[in-house]
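Engineer: Predicted structure and sequence below. I'll ask about it afterward.
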Number of protein chains: 2
Amino acid sequence: MTSGWVQKTKLSIPSLKDNTADTDRLIQGLKPLLGTDNIAVDLGLMKALPDILRTADYHIRCILFKDGGRWGVSGILPANDPAPILGMAVDLGTTRVVLRIVDLTDGRHLAESSFDNPQLAIGPDILTRIHHADTPDGQTYLQNLIVTGLNEQTALLCAACGYSITDIYQMAIAGNTAMTHLFMGLDPRWIIREPYIPVVNRPGTHQASRLGLQLNPNARVFIFPNIGSYFGGDLIAGILYAGLDQQEETAILVDVGTNAEVVLGNKNWMIACAGAAGPALEGGAASMGMMAGPGVIDRVVIDPKTHHLDIHTIADLLPVGICGSGLIDLAAQLFLCGMLDIRGKFASAACGNRLKDIDGLKHFVVADMSEAAVDHDLSISQADIDSLIRSKAAMYTILETLTASVGMAPRDLTRFYVAGTFGSFINPVSAISIGMIPDLPLNCYHTLGNSSLGGATRFLESRDLFEEIDRIQGSITYLELNVNQDFMNRFSAAKFLPHTNPSLFPSVKIPG
Amino acid sequence: MTSGWVQKTKLSIPSLKDNTADTDRLIQGLKPLLGTDNIAVDLGLMKALPDILRTADYHIRCILFKDGGRWGVSGILPANDPAPILGMAVDLGTTRVVLRIVDLTDGRHLAESSFDNPQLAIGPDILTRIHHADTPDGQTYLQNLIVTGLNEQTALLCAACGYSITDIYQMAIAGNTAMTHLFMGLDPRWIIREPYIPVVNRPGTHQASRLGLQLNPNARVFIFPNIGSYFGGDLIAGILYAGLDQQEETAILVDVGTNAEVVLGNKNWMIACAGAAGPALEGGAASMGMMAGPGVIDRVVIDPKTHHLDIHTIADLLPVGICGSGLIDLAAQLFLCGMLDIRGKFASAACGNRLKDIDGLKHFVVADMSEAAVDHDLSISQADIDSLIRSKAAMYTILETLTASVGMAPRDLTRFYVAGTFGSFINPVSAISIGMIPDLPLNCYHTLGNSSLGGATRFLESRDLFEEIDRIQGSITYLELNVNQDFMNRFSAAKFLPHTNPSLFPSVKIPG
C-alpha cells in the first residue's frame, strides 16, 4: 500500500490556550501522518496560509514534496475544494520529450503529449549540443530552448484538458545525464572529457520557479539521479519502472538506441554499463534510414525460396524509407535467406538483380522507384549494413562484457527487459538472428515501452519512492567500458552474423 | 569548542576509477566533517562548481548553512582565495535596525551601523503598521520599506568597509514577531486579534533572494523563531546571548520597553510572558520626553536637603528633554526627597516654586527656560508621572506574576538580566526606588546591551547553535497575561511608590 502526495488533515482550532502559529499548527497536524515535525513549508505558501486555513475551517488537503529526505508542503487547499491537484511526468529525451499528467490524489493518468526536443535546432545528437554549450551564451540558449519548450507544451496540454498550469504542484523529470545538465543550466563540458565527470549525480528536488518552469508558483521538480556521464536518470527511472531492484531473479534491462545502456542485477546488486552502439540501430545513419513515421518500412519478410520481399510500412503507405526495427528485420531476413554472408557482405548470386553498383558501392534495392513514394530507388548500401553490424556487435559485446563481469554469459539470462520506445518495435527473432541480443526463449523478452516516462510516472503515483530511487542510484556499480581490455576482443568476435561462435545462437539456422 | 560556518577541505581528484560528479564529490568530502551526506548544494552554486573545483585543484573553502536540520552549502572558494566570507547580524527593531558584519571564518566583529526603521514613515508603533498592512498593497509596501532599507544600509556598510555585498553568505535576523512578519511579507493581522496567532513560529532558513535581499546570490537568511505574537525572535536571541538556557541557576531576563518581555528559567525549564508596560518607560509619552540623544537628560540627582536638581545631559549640552532612564531617575529622586508621595502625587510644599499650574494640571519644572536649550520651561506633568507609575507597576506586576507562577517571589531572584539598549541606561537603584524592579543586591543585575543583536551575532559565530535555538523555542512555556486573573489585583498594589507593601523594598528609605 503506497501513499500519495496529497494528504487530507483536520487541524485543531486555535484558542487562547493553543496559540501555535498557522505554519507550526500545520506541521503539528502532519506530524502523525509523516512521523516527523521536520517539515518545510514554502515561503509562498506561508503567505497564503492564514487565509486558506480560516476559509477552510482548518480542514485541508496538503500537497507534499520531499527534498533531501525532508518533507515539505508546496500547496494547501480547503478539503472541500474540488480543484485538481496534478503532477507532470516528463521523459526528457534527446530527440523527443514526452509529457504525462498524473492526478496526484489517486495516481490516474489524465493526459499525454509529446514534442520534438527544441534543442534539435542546434543538433540532433548530444555531442553537438555539448559543444554548442561551450560557445558564448550557448549553454543559456540551450537551457532556454528546452525550458521554453516544456512551458509551452505544458500549457498546451493543460489547456487542452481544461486544467491550469497552477494545478501542477509536482514535476518528475527523467532524462539522460547530458539532457539533465542542459535542462538545469549546468555546464556539460566535463561529461564528454576524460574522466567524464558530471556536475551532479543526484540533482534532487528544486523549486520549479528557480528552473524557469511555469507551474504552480510553489511547485517542486524532482530530477532523477544519474550514476555517471553515460548512465542517466532515464535509466534509473527505467529500473524503477521495471522493478529490477525489487526482484529475486537476476534480470537485465537494455535501452537500445544510439547509446546502449544496460543494467544487470536483482534486489541485492546491480551492475551497469553504457556504450555507443552507433546510430545504425535507430535507422538514422542508413542511406534510406529515418525515424519511424508514415510510409516508413518497419517490418520485412523475405521468402527464402523466391527471395521476394514482403515489406510492411507504417500506415500501409508506399515506402519512403526504413526505420531501425525495419533495418534489423531486413538484415536478419537477408542473412537467413543467404543474401548476406556471415561477414555481413551482400552475396551477389543470391541477391540477383536487386544488387546495384552506385558510385563503386554495392546497394541492395529494397523498393524500386515504381514501388516507392519517392523519386528514386530505396536501397541499402554495403556501408549501411557494415554500420548496422558494428552497432549490433557493440550491443552484444556490451551485454557479454557486463554478464561476464559477474561470471555469467548472456544465455544464462532468464528475464530480459527492453526499454525505450524504439526497443519496443524490434522483433526479437530478427535481433537474435543477427546476433544483436542473446539467443533466449522469446518469453524471456519483455518490452517496457517508454520506461523513462514510466518511472517518472511512478514517482508521482506514490510518495514512498524517494528512498528507493536513492537506493537504486547508490547501489549500482558502474562498469566503465572505455577502460575495459576485453571489450575490443569480444567486439571483433561479434562482428559476424550471428557470431564467430555460432553455438551461442543455436536457434539461428545459418544458410548454406 | 564551536565550529564555524566556513570549512576547509581537500577533495579527491576525479579519475576514470572515481567518476563521482562534482556536486556529489563535494558532498562526500564534507561527509566526514558534518557526519552526514544529506547535504544540500544550492542550484546557483552547482552551476559554478565545475570551474571552481578545477581552478582550486579541489582544495576549497565551503560556506555552510543549515535548513531544517539539513546541512547545505551556499558558497565555495578556492582555499587560497583571500576573499572575505561574511555574515550579517541584524537586530530588526521596531524603531531602530542595527547591522553588524561578522567574519564567518573566525567570528570577528568587523563593522556595525544602525538606521531608523523605514516603517516609521507609516507609524512609530507596531499596531499602526499592522493596521496599515490591512489596506490595499499596505503589506507589500511595509515589506518593501524594510527590505529596501536593509539592502541600502547593507550596501553602505559594506562599501564603507571595502566589502562587496556578495561577500555576505549568511544573515541572521532577530526581531519581534510583528516585525518578522512584516519583513517576510506575512500577513500580521491575526497577531493582534484574539487568539493572537502568528503565521509562523519557526520561520527557519530562507534564500536571501526570495526575501528580496541583495547579498551573495546563494546567501541564506536565518530568522529567529518566536513563541507567540508577543514574544519574538529578539527575545529568543536575547536568551541565547545571555545563555539563560545553559545555566543551572534560575535567572530572569527582562527586556524593558514599550512592551515588557520577560523570561524566567534555567537549563531545565523556561517560562515567559510579555505585556504592555506603556511608552512612559522609554520616555516617549512624557510631555518633555524623547529618545536618548545630545542634550537629553539621562541622569538626575536631587539634594535631599536643598532640593537642588543636579541634571546630567548626554554630551553635556543644555537640556532639550528627558529620556526614559532620566525620567526614572527623576521620579526616584523626587520620591526619595519627599517631593512625590507614595501615590506618586507631587507634594506641593516640598516641590515649592518648581511646581506650576498649566491648564489646570500640575507641572514640575526640571529646567526653566534660562537653563534649557529650548524656548520654554522643561517640565514634567502629574499626568506624565501617573503614566510612568502605571508603566512601572505593569513591569513589576509582570515580574511578580511570572515568578509566582513557579512558586517564587521577585526577591528570590539571584540573577537578573536587563536586555535591550534602553535597559542598559536605567540606573537600577532608581528603578528599585520606584518599585519597578525587585529590591535585589545590585550585583544581581546584569545589563546585556543589545541582546537581540548579540544573539544574532552568536548564531553567525558558530554553526552549532541551530539546535540550541530550536530547543529554546520549544522549551519555553508562554504565560498569557491577557487571561491571567491575578494580574489586575497585583497591578493595583504595585501602583504605589515603591509598593503598597513596602517590606518588599527594604532598601528604599521612604521619606517622611
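Structural biologist: Received it, and whenever you're ready, just let me know what you need. Since the structure is predicted, the reported quantities are computational estimates derived from the model, not experimental observations.
Engineer: burial of the closest residue to residue A:66 other than its chain neighbours, as a residue count?
Structural biologist: In space, and not counting its chain neighbours, residue A:66 is closest to residue A:466: 4.8 Å by CB to CB, 6 or more residues apart in numbering or on different chains. Every residue, glycine included, has its C-beta placed from N, CA and C. For residue A:466, the count of nearby residues is 19 (other CB atoms under 10 Å in any protein chain shown).
Engineer: ok, residue A:466 - contacts?
Structural biologist: For residue A:466, the contact set (CB atoms under 8 Å, 6 or more residues apart in numbering or on different chains) comprises A:66, A:69, A:222, A:459.
Engineer: Can you tell me the element the third one falls in?
Structural biologist: Using DSSP states H and E, residue A:222 sits in strand A:220-223.
Engineer: Ok, residue A:379 next?
Structural biologist: Following DSSP H and E, one finds residue A:379 within strand A:378-381.
Engineer: So for the residue nearest to residue A:66, what pLDDT did the model give?
Structural biologist: We have a pLDDT of 91 for residue A:466.
Engineer: repeat for the one 3 residues further on
Structural biologist: Residue A:469 is assigned 97 on the pLDDT scale.
Engineer: Pull out the buried residues from the helix or strand where it lies.
Structural biologist: Under the criterion of DSSP H and E, residue A:469 resides in helix A:466-475. Using 16 or more other CB atoms under 10 Å in any protein chain shown as the test for burial, helix A:466-475 gives A:466, A:468-470, A:472-473, A:475.
Engineer: ok, so of the residues you listed, who is nearest residue B:306?
Structural biologist: Closest approach between the buried residues of helix A:466-475 and residue B:306, by CB to CB: residue A:466, at 80.9 Å.
Engineer: all strands for the stretch 201-350 of chain A, in order.
Structural biologist: Using DSSP state E, counting those that start in this stretch, the strands of the stretch 201-350 of chain A run over A:204-207, A:220-223, A:251-255, A:259-265, A:270-276, A:296-302, A:309-313, A:321-322.
Engineer: To chain B, which of the ones you listed lies closest?
Structural biologist: Closest to chain B of those, according to CB to the nearest CB: strand A:204-207, at 5.9 Å.
Engineer: The closest one - contacts with which helices or strands?
Structural biologist: Contacts defined by 3 or more CB pairs under 8 Å, 6 or more residues apart in numbering or on different chains; DSSP states H and E place strand A:204-207 against strand A:59-67, strand A:220-223.
Engineer: Mean neighbour count, the ones you listed: which tops it?
Structural biologist: strand A:220-223 (a mean of 25; mean count of other CB atoms under 10 Å in any protein chain shown).
Engineer: starting at the chain centroid, how far to that one?
Structural biologist: Offset of strand A:220-223 from its chain centre (CA atoms, centre = their mean, to the nearest Å): 17 Å.
Engineer: With distance to residue A:18 added, can I get the buried residues of helix A:466-475 in TSV?
Structural biologist: Formatted as TSV, the buried residues of helix A:466-475 follow (distance: CB to CB, whole Å):
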residue	distance to residue A:18
A:466	32
A:468	38
A:469	39
A:470	37
A:472	43
A:473	43
A:475	46
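Engineer: Which of the residues you listed sits closest to residue B:385?
Structural biologist: residue A:466 (65.7 Å).
Engineer: thinking again about what came up before, just put the helices and strands packed on strand A:204-207 in JSON lines and tack on distance to residue B:500.
Structural biologist: Shown next, in JSON lines, are these (distance: least, CB to CB, whole Å):
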{"stretch": "strand A:59-67", "distance to residue B:500": "51"}
{"stretch": "strand A:220-223", "distance to residue B:500": "62"}
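Engineer: closest point of the stretch 301-450 of chain A to chain B, which residue?
Structural biologist: Using CB to the nearest CB, the single residue of the stretch 301-450 of chain A nearest to chain B is residue A:405, 14.9 Å away.
Engineer: got the contact list for the nearest residue to that residue once chain neighbours are set aside?
Structural biologist: Ranked by CB to CB, 6+ apart and with sequence neighbours excluded, the top spatial neighbour of residue A:405 is residue A:479, at 5.8 Å. Neighbour list for residue A:479: A:271-273, A:401-402, A:405 [criterion: CB under 8 Å, 6+ apart].
Engineer: Under the pLDDT cut-off, which ranges of chain A? List them.
Structural biologist: Across chain A, the ranges flagged by pLDDT under 70 are A:1-2, A:258, A:278-285, A:482-484.
Engineer: how does it divide into domains?
Structural biologist: A:6-78, A:86-223, A:243-279+A:388-504, A:280-381 (automatic domain parsing).
Engineer: Quick check: end-to-end length of the shortest one?
Structural biologist: This points to domain A:6-78. End-to-end span of domain A:6-78 (CA to CA, to the nearest Å): 12 Å.
Engineer: Over to the third one?
Structural biologist: Using CA to CA, the end-to-end distance of domain A:243-279+A:388-504 comes to 29 Å.
Engineer: just to revisit the earlier point, identify, out of the strands of the stretch 201-350 of chain A, the most deeply packed stretch.
Structural biologist: Among these, strand A:321-322 has the highest mean neighbour count (mean count of other CB under 10 Å), at a mean of 27.
Engineer: what's in contact with it?
Structural biologist: Contacts to strand A:321-322, defined as CB under 8 Å, 6+ apart, come from residues A:283, A:286, A:288-290, A:295-297, A:330, A:366, A:374, A:378, A:380.
Engineer: Of those, grab the buried ones for ChimeraX.
Structural biologist: Selection of the buried residues among those in ChimeraX, burial being defined by 16+ other CB under 10 Å:
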select /A:283,286,288,289,290,295,296,297,330,366,378,380
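Engineer: Could you dump the contacts of strand A:321-322 into CSV and include distance to chain B?
Structural biologist: Below are these laid out as CSV (distance: CB to the nearest CB, whole Å):
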residue, distance to chain B
A:283, 31
A:286, 33
A:288, 39
A:289, 33
A:290, 35
A:295, 43
A:296, 38
A:297, 40
A:330, 38
A:366, 43
A:374, 46
A:378, 43
A:380, 38
